[in-house]
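In: Structure of the sequence below:
(one chain, ligands or ions: 2)
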Amino acid sequence: MIRVTGLSVSYGAVHALRDVSFEAATGSVTAVIGANGAGKTTLLRAISALVRPTAGEIDLDGTRLVGKSTENIARLGVGHVPEGRGVIEEFTIEENLRLGALHGNESFSVGLADQFELFPVLEERRKQHAGTLSGGERQMLAMARALIARPSVLLLDEPSLGLAPLVTAELMKTIKELCETRKLTVILVEQNAMSALRVSEHAVVLHLGRVAADDRSEVVANDENLRHYYLGMAE
Ligand SMILES: Nc1ncnc2c1ncn2[C@@H]1O[C@H](COP(=O)(O)OP(=O)(O)OP(=O)(O)O)[C@@H](O)[C@H]1O
Ligand SMILES: [Mg+2]
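Out: Ligands and ions are numbered 1, 2, ... in the order given. Just a heads-up that it's a prediction; the model follows:
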């Protein structure tokens, strides 16, 4: 389980996160939703130690993550798929996956077969440069690159960005299956509140760096005030 307690992050005078606390249960999807600038990316970056909090704690199954390096946190089993996907365009699918496998313990061929089973389209295009992939394929590659290291926690930053609704629905289904079959703990950051609420058990709503709501996704989805004030969702 990931437990965040009293987390604050500032960029100079900008308080991106203020006193954020929540828990993400093992083997389930926790959605983190909120408008542009709410602090969603900052939260994931703090978990991976890409930014240093000014206060607060982050625990992974009782191990304190604050103070550890990004490499050590990855080795402890935290996979991070950044906003914008971050695949290397000049590399082929297979080469990108080879990079992802660097800090895993498994043999590359076993990991590769596993990812190709999960995302068959990547196998068909394994020699294709990532720069020529569609948005959906690129997102699959970014996820496969994180998964090949066999993480226990997967941080996903706006996986649905720029994808067609059908592709998003397919991706969300895969995320859900991963949680169930591999006991993966997923923190899913989305501006697309509806699809994130559909796939998650639990949701945290961020507003200007603070937790505006923390509840079962079903409750958040049916709360008219939250929908109206924080999620910008039409009736
Ligand atoms: N490197 C940085 N330097 C200064 N300010 C930053 C930096 N990164 C983020 N911020 C500020 O911190 C706040 C939170 O940003 P963050 O990227 O976490 O939001 P977000 O919820 O992910 O937004 P979006 O939905 O647009 O991706 C914003 O006000 C942003 O301008
Ligand atoms: Mg963001």
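In: the helices in the chain, which residues?
Out: 40-47, 70-75, 93-100, 108-118, 120-124, 135-147, 165-182, 193-199, 217-221, 224-229 (DSSP state H).
In: Counting by contacts, list what the third one packs against.
Out: Using 3 or more CB pairs under 8 Å, 6 or more residues apart in numbering; DSSP states H and E as the contact criterion, the secondary-structure elements in contact with helix 93-100 are helix 108-118, helix 135-147. Glycine gets a C-beta too; all of them are placed from N, C-alpha and C.
In: near ligand 2, which residues of this structure show up?
Out: Selection of the chain residues close to ligand 2 by CB under 5 Å from the ion yields 40-41, 83.
In: which of those has the weakest pLDDT?
Out: Looking at the residues of the chain next to ligand 2 by pLDDT, the weakest one is E83, with 86.
In: Count the residues that sit near that residue.
Out: Neighbour count of E83, defined by other CB atoms under 10 Å: 15.
In: rewinding a little: which of the residues of the chain next to ligand 2 sits closest to ligand 2?
Out: When the residues of the chain next to ligand 2 are compared for distance to ligand 2 (CB to the ion), T41 wins out at 3.1 Å.
In: What residues of stretch 178-187 count as buried?
Out: Within stretch 178-187, the residues that count as buried by 16 or more other CB atoms under 10 Å are 178-179, 184-187.
In: residues in contact with that stretch?
Out: Under the contact criterion CB atoms under 8 Å, 6 or more residues apart in numbering, stretch 178-187 has outside partners 1-2, 24-30, 32, 43-44, 47, 118, 147, 151-156, 175.
In: what's the span of it from first residue to last?
Out: Stretch 178-187 has an end-to-end distance of 12 Å (criterion: CA to CA, to the nearest Å).
In: Going by contacts, tell me the helices and strands next to the lowest-mean-pLDDT helix or strand in the chain.
Out: Least confident helix or strand, the chain: helix 224-229 with a mean of 84, by mean pLDDT, DSSP states H and E. Counting contacts by 3+ CB pairs under 8 Å, 6+ apart, helix 224-229 packs against strand 210-216.
In: The residue nearest to T42 when sequence neighbours are not counted: how many residues sit nearby?
Out: Leaving out its chain neighbours, the residue that sits closest to T42 by CB to CB, 6 or more residues apart in numbering is A16, at 4.2 Å. Number of residues near A16 (other CB under 10 Å) recorded here: 23.
In: Count the residues that sit near the closest residue to T54 other than its chain neighbours.
Out: Excluding the flanking residues, the one nearest T54 by CB to CB, 6+ apart is S8, at 4.9 Å. S8 has 17 neighbours, counted by other CB under 10 Å.
In: Let me see the contact set for S8.
Out: S8 neighbours (CB under 8 Å, 6+ apart): 15, 17-20, 53-56.
In: run the last query once more with 6 Å
Out: Listed by CB atoms under 6 Å, 6 or more residues apart in numbering, the contact set of S8 reads 17-19, 54-56.
In: now swap in I73 and tell me
Out: 48-49, 65.
In: Narrow the contacts of stretch 178-187 to those in strands?
Out: Counting by DSSP state E, these place 2, 24, 29-30, 32, 153-156 in strands.
In: give me the beta-bridge partners of the residue nearest to the spatial centre of the chain?
Out: Centroid-nearest residue in the chain: L156, 1.5 Å away (criterion: CA atoms, centre = their mean). Applying DSSP bridges to L156 gives these bridge partners: V81, L188.
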